[in-house]
Structure formats: C-alpha cells, structure tokens
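K.L.:
Take a look and give me a structure for this.
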Amino acid sequence: MSIILQRLTLSILTALSLLAGFAQNKPRTLNFHTSRGLAIKVDSLGVYINNKKVHRFDTEDLIFHSRRNRLIENGGTSFLFLEIDGRPNLNRLVGFRISSGKADSMVDVVSSDIVDMDGDGYLEFGGRDLTEGYPSEDSMYYIPTEYYEIRNGTIRYDSSLTKERDIWINGVYLPHPLDTDHNCCKVILKPGKKHVDSVPLMHPAILSERVDGPANIRATAKGRLLFTLYDNIPVYTMDSSDKWCAMGVFVDLSKEESHKFMIQQDRYLYWKDREIGKTLTKVSIDPIDIIGEGDKAYAILRGYTSVQNIKSQTMPENALYRLIQQGTPLTLVRLHDFLEGFQFIPTQMEGYKTFQLDEFCEPGPAGALRLILAFDHDKLFAIVHHRALGPLPNKPSPLARGYQLTIIGSQPATLVSDFTTKVNTFISHAD
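P.N.:
The predicted structure is shown next:
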C-alpha cells in the first residue's frame, strides 16, 4: 500500500507542477481567422498566414495580452491590429492589411482603443505621444495628434478628427508643428493663458475647472501616483490644505471594470469617448462612485493633486471675481451663463433668491457648500464663500462653520443684517 501511495503522490505532484508551470506561462501566440478562410498566427517572430511567414518582428515587443490585438473586417478587407511596447514613450498600434500570402503594413500610430470617436459611424484610432514639459508656466510645446479611420475597406488619415483633437488639447491647430530645426514641436502659449483675456468669461464652454496638465493625481496629498490627466481636462475640486486639493474626474467604464470596481494599470482613460489620461497603477473605485451599468457605466475617479495643476482662471471663485472687477451691475441675466456653466442650483432662503454650488460630489454637512450667490430684485448683493475671492472693496465678514460673507456694492444695513442671520441659520442646520 505504501508503494502505491508513493506512486500516486508522485503522479499528483507531477501533474500539479505541470499545471503550475502552464499557468505561469502567458500565451505567446495569437490566432485569428478571416471570413474568407485565412488562418492568421502571430508570435514573437512574426505574422503567419496559413502557416507562411509574411512579416517579421525585429524584437519581442508585441504585447500578447493586450485587448487591442484584434482582427477587423471592413468593406471586404481584413485588417490586423497589434499593440507594440513603445517604452519609454507610449505604446504603438500597428495595422496590417491581410490578404492571401501577404500582410501589408498600413499604419503605425499611438495605441488607443478602436472606436467611433467622433460619432460619424466609422471606427477611429490614434492619439498623441509624450511631449517634454516646457520650462515656462504660460507656455508649452505644441502636442500634435494623429488619427486614422477605417472606411470602405481602407485605412485613411482622419484630418478632421486630428484637427479637432489638436484644438481641444492645444487651443489651436498648427498644420506644420515642427520648429525651425525640424524638431517636434513649436512652443505655444498654454490654452488657458492664451485665451483668458480673449474669450468672454460668459462663454459656457470655459466655465468648468480645468487641469493645467499633464497632471499627476495621487491617492493622498504627496501620496502614491494613481493616474495622469492631459491638459485642459474638466475636473471638480474640493478645498484642501498644504497646497494640495482633492479632486475628481468622470471616466467611462467597461462592463468588466464596473463589475470588478477596478481599472487596470496602463489603461487609457476616456470620458464620452475622448481620451483624457492614463492610469499609472491599478485604481480602485468605490461602488458608490459608479453610475449606470453595463456598457453605459461611468464613474468618478477621486484623488489629490497640487493646486498648481488646476488652471486658476477656470475656478468659479476667480471667474466670479473677474466679473465683479468689470464694474457692471451683476444681474441674473448677465450671470445666466456663469450660473449655468458651473451648474449652480437655484434655491430660496426665506425671501431671497439664491443660487448654490456645492463642493465636488461630497454630500453631507460641513464643507459641502462652496458658494451661494444671493440676489435682491435680480441684482447680486451678497456672496457666501469658503475659498478666497480676491481683494474686493467690501472686506468679507465671518459666518458659521468657517464661511465668509462678501457684500457687493453699497447695501442697506438692515438687508445685510437680515441676510447674515438667515444664512448663518442655513449653514448651521445644513446636512
């Protein structure tokens, strides 16, 4: 019995060892089949069609586990896409046109998901690579993008999407981005710096807090890195201390991410199908921060960043301060786009018409309120605030829970006293 037991134990250990070894070895081969019966195999040495090598890889840079490795058939043509390790820069996506005995290289671009990015009904892919930071607070290197689309059986350069994304990232489009030495790329003023005086503050498109990026987002102030956001991405912030601010940003989720409450490392982040950043590690998501489900799910990613990474001119307090400085009476009509753009909520405070803005997605009592604008006969007469507004003729007076009250213009003492009493009661009982 002991001999049989020994043999059985040895067999089990051998089997377990083989299974463990198999589990540790990631797949090093990809297999695809076209609708026309072509068998495609990809390994570290090249691409094979029906067991015939048609393309050779110089290095073993293929990322075999990438979900972006895929075969797409369009207009009777088969396209093979493979993600290549691009370190120290971003990964690349290479595309081949597959035919019997041939794999023609069609495109080599920054890796991205292949989706309909602009809603025109065609699949697009591409993006921008890393660019060095420019040693000036108000300037940056132009960051060119490059996008392609799959249309009618071919891959073609998508000039309209490229131009749109260049303007979105850089604030301007340069058809010839190389400098005089033919290096990439020309130095331009940052979008916020360039347009702060030329774009009306009342334009709703700029009425949101924006990243002065690229910006690193951390788990805590000075903590470990979570993800990075590109320049000019809309975010929501909370007041904090030590020159750090808590912030949040909305991102699209896959069905798997919404089920596992986790976004993997090196995953490009999207919001409404626009690429906005990239994870630097695995990022956990609080289930309460997930909205929707399935393919329509999205989430709030939270973190901390330096206050210098938020464009100061896009903060509601600073935008409001600039409007006050213009000297024109601030009526409801004139402030309509400001209130709409920053999503103030209309409220009533015992006879006063007020509009309230809360801190980013933080329900509850202390600290939830950010701004209250109070109107008398449709004219702004008072501002309740938690953050500084800037030097105004009327100095702020203290309110409950660390808030401040700034009176706009010359107001009757009875009006100020009555409103102060009512707003203190409101703040003290807020929940």
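
K.L.:
use CA for all of it now, contacts and neighbours both
P.N.:
Will do.

K.L.:
Count the neighbours of the residue nearest to residue 324 when sequence neighbours are not counted for me.
P.N.:
Nearest residue to residue 324, sequence neighbours excluded (CA to CA, 6 or more residues apart in numbering): residue 330, at 7.3 Å. Counted with other CA atoms under 10 Å, the neighbours of residue 330 add up to 19.

K.L.:
I figured residue 330 hits residue 379, correct?
P.N.:
Yes - assessed by CA atoms under 8 Å, residue 330 is found in contact with residue 379 at 5.9 Å.

K.L.:
Show residues contacting the helix or strand harbouring residue 323.
P.N.:
Per DSSP states H and E, residue 323 falls inside helix 316-325. In this structure, residues lying in contact with helix 316-325 by CA atoms under 8 Å, 6 or more residues apart in numbering are 201, 207, 208, 209, 312, 313, 330, 342, 387, 388, 389, 390.

K.L.:
Repeat that for stretch 121-134.
P.N.:
89-90, 93, 109-117, 140-141, 143-151, 187, 275.

K.L.:
Ok, stretch 141-154 next?
P.N.:
With CA under 8 Å, 6+ apart as the test, stretch 141-154 has contacts from 73-77, 109-110, 122-129, 131-134, 155-159, 161-162, 165-166, 169-170, 177, 184-188.

K.L.:
That one: how far from the chain's middle?
P.N.:
Centroid displacement of stretch 141-154 relative to its chain, using CA atoms, centre = their mean, to the nearest Å, is 20 Å.

K.L.:
Kindly report the same for stretch 139-155.
P.N.:
Offset of stretch 139-155 from its chain centre (CA atoms, centre = their mean): 19 Å.

K.L.:
quick one: contacts for the most centrally placed residue in the chain?
P.N.:
The centroid of the chain falls nearest to residue 276 when counting by CA atoms, centre = their mean (3.2 Å). Contacts for residue 276 (CA under 8 Å, 6+ apart) come out as 229, 230, 233, 268, 269, 270.

K.L.:
any idea which of these has the most stuff around it?
P.N.:
Compared across the contacts of residue 276, residue 229 has the highest neighbour count, 24 neighbours, by other CA under 10 Å.

K.L.:
Now intersect the contacts of residue 276 with the strands, please.
P.N.:
Secondary structure assignment by DSSP state E places 229, 268, 269, 270 of those in strands.

K.L.:
Domains of the chain: list them as residue ranges, please.
P.N.:
30-187, 209-312, 325-428 (automatic domain parsing).

K.L.:
and the last one, how far apart are its ends?
P.N.:
Domain 325-428 stretches 31 Å from its first residue to its last (CA to CA, to the nearest Å).

K.L.:
ditto for stretch 42-55
P.N.:
Stretch 42-55: ends 9 Å apart by CA to CA.

K.L.:
Could I get the ones in strands among the contacts of residue 276 in JSON lines, plus columns for distance to residue 248 and pLDDT?
P.N.:
Shown next, in JSON lines, are the ones in strands among the contacts of residue 276 (distance: CA to CA, whole Å; pLDDT from 0 to 100):
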{"residue": "229", "distance to residue 248": "11", "pLDDT": "94"}
{"residue": "268", "distance to residue 248": "17", "pLDDT": "94"}
{"residue": "269", "distance to residue 248": "13", "pLDDT": "94"}
{"residue": "270", "distance to residue 248": "14", "pLDDT": "92"}
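
K.L.:
which one of the residues you listed is nearest residue 418?
P.N.:
Proximity of the ones in strands among the contacts of residue 276 to residue 418 (CA to CA) peaks at residue 229, which lies at 45.0 Å.

K.L.:
check contacts around the residue nearest to residue 324.
P.N.:
323, 324, 379, 380.

K.L.:
burial measure for the second one, as a count.
P.N.:
When you say that, I think you mean residue 324. 16.

K.L.:
what about it, distance to residue 377?
P.N.:
Separation of residue 324 from residue 377 (CA to CA) stands at 18 Å.

K.L.:
Which element, helix or strand, includes residue 338?
P.N.:
Assigned by DSSP H and E, residue 338 belongs to helix 336-341.

K.L.:
Centre of the chain to that helix, how far?
P.N.:
On CA atoms, centre = their mean, the centre of helix 336-341 falls 23 Å from that of its chain.

K.L.:
Of the contacts of helix 316-325, which belong to strands?
P.N.:
residue 209.

K.L.:
Would you format the contacts of helix 316-325 as JSON lines with pLDDT and distance to residue 414 included?
P.N.:
Below are those laid out as JSON lines (pLDDT from 0 to 100; distance: CA to CA, whole Å):
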{"residue": "201", "pLDDT": "32", "distance to residue 414": "33"}
{"residue": "207", "pLDDT": "61", "distance to residue 414": "34"}
{"residue": "208", "pLDDT": "74", "distance to residue 414": "35"}
{"residue": "209", "pLDDT": "85", "distance to residue 414": "36"}
{"residue": "312", "pLDDT": "84", "distance to residue 414": "35"}
{"residue": "313", "pLDDT": "81", "distance to residue 414": "34"}
{"residue": "330", "pLDDT": "88", "distance to residue 414": "21"}
{"residue": "342", "pLDDT": "83", "distance to residue 414": "31"}
{"residue": "387", "pLDDT": "87", "distance to residue 414": "26"}
{"residue": "388", "pLDDT": "86", "distance to residue 414": "25"}
{"residue": "389", "pLDDT": "87", "distance to residue 414": "24"}
{"residue": "390", "pLDDT": "83", "distance to residue 414": "26"}
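
K.L.:
Which parts of the stretch 251-400 of the chain are strands?
P.N.:
262-263, 268-271, 274-279, 283-284, 290-291, 298-306, 345-349, 352-358, 369-376, 379-385, 397-398 (DSSP state E, counting those that start in this stretch).

K.L.:
out of the contacts of stretch 121-134, which are buried?
P.N.:
90, 93, 109-114, 117, 140-141, 143-150, 275 (16 or more other CA atoms under 10 Å).

K.L.:
re the thing from before, pLDDT on the helix holding residue 323, on average?
P.N.:
In this model, helix 316-325 has a mean pLDDT of 88.
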